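A.B. asks: Structural data only, the sequence is not supplied:
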């Protein structure tokens with residue numbers, strides 16, 4: 001069975017594993033997903049990620065991060081641009097999730113960036129997801 005939106009699947013797996021307080025979550029590997037995981041790690045939402053060999057292809061394993069009393073670092077994650085309705089933003093109208101407390105992951109011609117990096121570079125692109 002083919003999956004129509006593997007990015008939404010990744011975000012749902014992260015959301016569900018974080019809500020269930022799992023230590024790690026596995027998903028099929030792709031470069032795009034690895035780039036999203038890299039941004040999440042850099043921004044402090046996850047501990048880390050690792051690409052592992054599987055029976056067929058590779059698997060992306062993401063280690064989730066929790067606070068000292070068990071509160072989730074990844075409070076919410078939402079897919080914005082979907083296969084049926086793509087969402088784009090120019091450099092002068094980039095979104096600021098939760099008034100700047102969250103991040104927006106933007107797919108640009110320079111790769112995946114946060115909205116802050118896009119503002120610094122003066123570029124826009126497709127809004128992939130909001131994370132807070």
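C.D. replies: The structure has been received and is ready for your questions. Treat the numbers as computed from the prediction; the structure is a model and nothing was measured.

A.B. asks: going forward, measure contacts and count neighbours with C-alpha atoms only.
C.D. replies: Fine.

A.B. asks: Mind listing residues that contact stretch 31-44?
C.D. replies: 7, 10, 46-49, 60, 62, 73, 105, 112-114 (Cα atoms under 8 Å, 6 or more residues apart in numbering).

A.B. asks: got the residue ranges for the strands in the chain?
C.D. replies: 24-28, 46-53, 58-64, 77-79, 88-89, 103-108, 111-114, 125-131 (DSSP state E).

A.B. asks: most tightly surrounded among those strands?
C.D. replies: strand 103-108 (a mean of 23; mean count of other Cα atoms under 10 Å).

A.B. asks: Note down every partner strand of it and its orientation.
C.D. replies: strand 111-114 (antiparallel), strand 125-131 (antiparallel) (DSSP bridges).

A.B. asks: Tell me which of these sits nearest to residue 18.
C.D. replies: strand 125-131 (12.8 Å; Cα to Cα).

A.B. asks: tell me the mean pLDDT over the closest one?
C.D. replies: The pLDDT scores in strand 125-131 average 98.

A.B. asks: just checking, residue 80 touches residue 127?
C.D. replies: Yes: between residue 80 and residue 127 there is a contact at 6.2 Å, judged by Cα atoms under 8 Å.

A.B. asks: Name the residues contacting each of the two.
C.D. replies: residue 87.

A.B. asks: Kindly state the beta-bridge partners for residue 113.
C.D. replies: Bridge pairing for residue 113 (DSSP bridges) gives the partners residue 106.

A.B. asks: what's the distance between it and residue 127?
C.D. replies: 10 Å (Cα to Cα, to the nearest Å).

A.B. asks: and of the strands paired with strand 103-108, who's closest to residue 25?
C.D. replies: strand 125-131 (17.2 Å).

A.B. asks: Find the centremost residue of this structure, please.
C.D. replies: residue 36 (4.3 Å; Cα atoms, centre = their mean).

A.B. asks: which residues of this protein score low on pLDDT?
C.D. replies: 1-2 (pLDDT under 70).

A.B. asks: what separates residue 86 from residue 26, distance-wise?
C.D. replies: According to Cα to Cα, residue 86 and residue 26 sit 27 Å apart.
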